[in-house]
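Enquirer: sequence? don't have it. structure:
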């Protein structure tokens, strides 16, 4: 098994409203095909950690390697390109673009990547939506979809460029238990059948327990690391 | 370069809120439309005025400016200035003739000058027009009518009769239309002219002209040069003015100065002669630009507002695009594209609106008036005004969209995604 993500001695402090160190020398590795949950009470730094390893937040000490490439210190434009190709996001509040159809929401990252032609992008987006059983809603405006449907579209969007890592920030946090189970099953299946690496922040212990590995955090440090 | 995906996102944003887009566009449309209307109308009026002025005044006029400066006396030159003080009370000139000496030589010389298109010697004098009990003070110009016509474009300004009649009919006179009306005389009637020196002569009216300038049409008449020379009792070399038409009237100022130095007489260019009218043209130009500029700036602020609001409403979308891998530059491009698209379509419809409005004004009848002889409002349709309006509209919206777009590019996605 190869290591797809390696975080080394990550530290981060906030200076507003007063100085506060949210992360203290956090180090961990993620293997390819793993489903990792990061858990902890709110304010423990788990979301901050996720945004560091997802390259969106660049103000930190320490180093991050992804696919053995050092991403720390890359320019904003290089990081944008890197995210586009290697990272897929699923957020708590779906965050689809409301003016676009479900299909277009899924297509945009692929079109941005520019690796495929427009019709290929569309085919791939359909394929992902179909796999998530959402193809019949493809042409619907995303703002007209229900919460669970939106989250599935968001997962399809995260997968469109076959990312190295899929990252979730409380992906089930805003869903009822039925939809939570659906989304979790999808993620689990992704991990098992397609070997998709998933890192997800959650405070849902039930969700966490079903994943391959739990990283538990407290006061900016990893306190428990269990498989 | 403009990225296709970014353009598609911008397009979707604009089309998702058609009403807001339309209102932003209307701001530009009205700004540009009013600019086109104002500039077409003002420019039309200026051109009309300039044309009228040019057709009634020669490009350069050489004349003898009588000096009344007597601070130096010839006595000073012949007496011993160190010891004698010469005092002259109430100096008064001898009877000076205001003509151009050696006019024939000057005319001949002028005709050789390659910048000169036409030369017309003139003898102008004050006269009283006498018709029965009516006496009107006015001016009489003795000219070679064909040369004068080349100079002032008299031909198209003829209201009745023809200028050639002056050549065929002895004692013919071409009279200002307003003057003829006041005297209640028509073509074929006789009229008596008396000079301040007491001489008088009778002329037959062979035509009337209307320059569209009251100060000319109500006082001026043309007769053959030799007739005026006869009337004032002078020889056939006696002329008071030489009018000159240049090949390029924009050079008039420089040429006038050169002629003045060369011949030792005063030479005025048409801009000096019509100084007050030139000032009003300048003021109208400045006004037009100030008002148009204000309109466009107001439209620009409208766009700035709408773009700022749009971006404020789209913080989440911007964050998600950034997380998906769109760079700051992409975000900037998306919103700048929206702003400039509003500008392009707003400006285009503004040009159409401007064209429709100025066509409307062009077809309005001009209030009937003795002083200005036009039937409808003067409006010009110059391509350069439309090009300028288009360019200015796009530049304004670009600048108005730039600041909000840069701000959008700088948005930190983490702060928004974390809520």
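Expert: All right, it came through fine. Keep in mind it's a predicted model, so treat the numbers as computed, not measured. Numbers count the residues shown, from 1 in each chain, chains lettered A, B, ... in the order given.
Enquirer: from here on, just use CA atoms for contacts and neighbour counts.
Expert: Noted.
Enquirer: who does the lowest-mean-pLDDT helix or strand in chain A pair up with?
Expert: Every helix and strand of chain A was ranked by mean pLDDT, DSSP states H and E. The lowest is strand A:221-226, at a mean of 73. Take DSSP bridges as the rule and strand A:221-226 pairs in its sheet with strand A:213-218 (antiparallel).
Enquirer: what comes up buried for the least confident helix or strand of chain A?
Expert: If you call a residue buried by 16 or more other CA atoms under 10 Å in any protein chain shown, then strand A:221-226 has these buried ones: A:221-222.
Enquirer: now the strands: where do they sit in chain A?
Expert: For chain A, applying DSSP state E gives strands covering A:3-14, A:20-31, A:35-40, A:61-66, A:69-70, A:87-90, A:165-169, A:197-201, A:213-218, A:221-226.
Enquirer: same thing with chain B?
Expert: Using DSSP E, the strands of chain B run over residues B:60-63, B:116-131, B:134-143, B:158-161, B:172-176, B:190-194, B:200-209, B:220-224, B:241-246, B:266-269.
Enquirer: contacts for the longest one?
Expert: Identification of contacts with strand B:116-131 by CA atoms under 8 Å, 6 or more residues apart in numbering or on different chains yields B:107, B:110-111, B:135-144, B:147-148, B:150-151, B:183, B:191-196, B:225, B:228-229, B:238-247.
Enquirer: just the fifth one next, same as before
Expert: Defining contact as CA under 8 Å, 6+ apart, one finds that strand B:172-176 is touched by B:163, B:165-166, B:203-210, B:216-224.
Enquirer: considering only those, which also neighbour chain A?
Expert: For chain A, no contacts are drawn from the contacts of strand B:172-176 by CA under 8 Å from any CA of the partner chain.
Enquirer: residue B:355 and chain A: what is the separation?
Expert: From residue B:355 over to chain A the distance is 36 Å, taken as CA to the nearest CA, to the nearest Å.
Enquirer: touching, that residue and residue B:37? I think so.
Expert: Yes: using CA atoms under 8 Å, residue B:355 is in contact with residue B:37, at 7.2 Å.
Enquirer: so the two - more neighbours on which side?
Expert: Taking neighbours as other CA atoms under 10 Å in any protein chain shown, residue B:355 and residue B:37 compare with residue B:37 leading, 28 against 19.
Enquirer: let me see the contact set for the more buried one.
Expert: Counting by CA under 8 Å, 6+ apart, residue B:37 touches B:354-355, B:357-358.
Enquirer: okay, it: pLDDT?
Expert: Looking at residue B:37, its pLDDT is 89.
Enquirer: cool, and residue B:8?
Expert: Reading off the confidence values, residue B:8 has pLDDT 84.
Enquirer: burial of it, as a residue count?
Expert: Residues within reach of residue B:8, counting by other CA under 10 Å, total 14.
Enquirer: next: residue A:176.
Expert: Counted with other CA under 10 Å, the neighbours of residue A:176 add up to 11.
Enquirer: ok, residue 136 - contacts?
Expert: I went with chain A, as the question did not name one. With contact set as CA under 8 Å, 6+ apart, residue A:136 has no partners.
Enquirer: my bad, the chain I had in mind was chain B
Expert: Taking CA under 8 Å, 6+ apart as the contact definition, residue B:136 lies against B:128-130, B:183.
Enquirer: swap in residue B:393?
Expert: Residue B:393 makes contact with B:28, B:32, B:296, B:343-344, B:346-347 under the criterion CA under 8 Å, 6+ apart.
Enquirer: now these as JSON lines including pLDDT?
Expert: Conversion of the contacts of residue B:393 to JSON lines gives the following (pLDDT from 0 to 100):
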{"residue": "B:28", "pLDDT": "85"}
{"residue": "B:32", "pLDDT": "87"}
{"residue": "B:296", "pLDDT": "77"}
{"residue": "B:343", "pLDDT": "88"}
{"residue": "B:344", "pLDDT": "90"}
{"residue": "B:346", "pLDDT": "89"}
{"residue": "B:347", "pLDDT": "89"}
